[in-house]
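Asks: Sequence and computational prediction follow.
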Amino acid sequence: MTIRAQRGSVLVSALAAVCVAGCVKQNSVESKAPSAAPSAETSALPDLELIPLAEGVWIHRSYADIQPWGRVSANGLLVIGPKAALLIDTPWNDAQMSELYAEVKRRFDVPITEVIVTHAHDDNLGGLAEAHRLGAHSIAEEKTLEIARDGGKPVPEKGFSSSRTLQSAAGVTAELFFPGPGHARDNIAVYLPDTKILFGGCLIKSADAQNLGNTADGDVSSWSASVDALEARFPEAEIVVPGHGDAGDRALLAHTRYLVSTHRP
Ligand SMILES: [Zn+2]
């Protein structure tokens, strides 16, 4: 078994301010990441974690060695229903996707049948080809399909324009929304009204992030307005999950805007 669960309060501190997906072009303003290595007693399970977030909802956190930044963690969500599971973003690669699928089957006895991809970087869709092979269907904003296709990455099957309400096979409603560009020109967020969880993805930074991380494919001048649009769209959100680092509350939205305001290219 290669997945471990942790209590939300003792999360391994994820890398500060690094959203490195597909970011080999990234420039030098990254903060140096503290070690995200799991503690000694859990280090036999190095690449993938399931972190409980709410009833039936988990963060899946995967790790990859991305040079020159070292070990980088990335968050997605896993929603477990009675007959199926919904995934928001895949882990970094096919091997981790396969591992996650097997663990969900083993632990919850349901297949992952749907994947929502929040933008076309490797920490969001690096395991998508494997997810498709395992029978899952996928959806993303049209821009993500186009960017993935142009970049030779696995392409989500179904596109939508701007926003979409998904009644998932996992039995929950997911509201998919493109608030405007920021971290990437295709970054969407996903709101789960049943649990008031907003998955902000890489558009939203964790509380310990000290800079915007990878802006190579982004639009910093639009980023704050996009966070405003996200905040206005989902005023009831209580738990906010960033693309990297620990979950928090709505304060992460203001923190992200603050980081945008201090950004120097
Ligand atoms: Zn990204």
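Replies: Structure's in. What do you need?
Asks: what's the next secondary structure element after the lowest-mean-pLDDT helix or strand in the chain?
Replies: Ranked by mean pLDDT, DSSP states H and E, the helix or strand of the chain with the weakest confidence is strand 3-5, at a mean of 49. Following strand 3-5 in sequence order, the next helix or strand is strand 48-54 (DSSP states H and E).
Asks: CA-only coordinates of that next one in PDB, if you can.
Replies: Coordinates of each C-alpha in strand 48-54 appear next as PDB, following Å, rounded to 0.1, in the frame of the first residue of the first chain:
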ATOM      1  CA  LEU A  48       1.000   9.900  -2.800                       C
ATOM      2  CA  GLU A  49      -1.200  10.800   0.200                       C
ATOM      3  CA  LEU A  50      -4.900  10.900   0.900                       C
ATOM      4  CA  ILE A  51      -5.800  13.600   3.300                       C
ATOM      5  CA  PRO A  52      -9.400  13.700   4.700                       C
ATOM      6  CA  LEU A  53     -11.100  17.000   4.200                       C
ATOM      7  CA  ALA A  54     -14.900  16.500   4.700                       C
END
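Asks: Given that strand, what are its sheet partners and their directions?
Replies: Strand pairing for strand 48-54, using DSSP bridges, gives strand 3-5 (parallel), strand 57-66 (antiparallel).
Asks: just so I know, which of those strands lies nearest the ion?
Replies: Evaluated with C-beta to the ion, those place strand 57-66 nearest to the ion, the distance being 11.6 Å. The way it works is simple: take the backbone N, C-alpha and C, and place the C-beta from them, glycine included.
Asks: Comparing the strands paired with strand 48-54, which comes out most buried?
Replies: Comparing the strands paired with strand 48-54 by mean neighbour count (mean count of other C-beta atoms under 10 Å), strand 57-66 ranks first with a mean of 21.
Asks: avg pLDDT for that one?
Replies: For strand 57-66, the mean per-residue pLDDT is 95.
Asks: what does stretch 131-151 give?
Replies: Averaging pLDDT along stretch 131-151 gives 98.
Asks: Start the count at 236 instead of 1 going forward.
Replies: Sure thing, new numbering starts at 236, so read that last one as stretch 366-386.
Asks: Now do it: distance to the chain's middle.
Replies: Offset of stretch 366-386 from its chain centre (C-alpha atoms, centre = their mean, to the nearest Å): 15 Å.
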